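1. Fold the following and give me the result.
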Amino acid sequence: MSGHIFEYSEVLKLKAACAEHYPDHVHFHDGFGGQYFSLDVPNDGLREFICDYFAGRGFSAEFTPDGLIFTVSKSRE
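-> The predicted model follows:
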């Protein structure tokens with residue numbers, strides 16, 4: 001999976017913003033294959049929040065069809 005490369009401080013800001021509104025955990029994965037995020041269970045409200053969070057910063061969050069994994073890339077405008 002490819003996408004924008006985040007500093008850990010940026011990841012912590014996302015996790016804190018999500019935690020203010022939802023009890024679900026957002027997990028961050030960083031490895032040789034790239035960075036991606038995951039959720040424990042699908043949550044449409046949290047998914048919409050994450051998409052809006054990144055859209056406001058010029059990015060796009062792309063979720064897998066099951067709604068559990070997402071990557072983030074620079075928005076194409």
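2. Could you count how many residues lie near the residue nearest to residue 6 when sequence neighbours are not counted?
-> Leaving aside its chain neighbours, residue 6 sits nearest to residue 35 (6.1 Å; criterion: Cβ to Cβ, 6 or more residues apart in numbering). Where C-beta positions appear, they are placed from N, C-alpha and C, glycine not excepted. Using other Cβ atoms under 10 Å, residue 35 is surrounded by 17 other residues.
3. Equivalent analysis for residue 61, please.
-> 21.
4. go on, residue 42?
-> By the measure other Cβ under 10 Å, the count of residues near residue 42 is 13.
5. and it, which of the three is it?
-> coil (DSSP: H, G, I helix; E, B strand; the rest coil).
6. Likewise for the one 4 residues further on?
-> At residue 46 the chain is in helix, as set by three-state DSSP.
7. Can you give me every residue that contacts it?
-> 18, 21, 22, 24, 26, 39 (Cβ atoms under 8 Å, 6 or more residues apart in numbering).
8. Which secondary structure state does the nearest residue to the second one once chain neighbours are set aside sit in?
-> Going back to what we said before, that points to residue 21. Spatially, and ignoring its direct neighbours in sequence, residue 21 is nearest to residue 49 (6.0 Å; Cβ to Cβ, 6+ apart). Classification of residue 49 using three-state DSSP returns helix.
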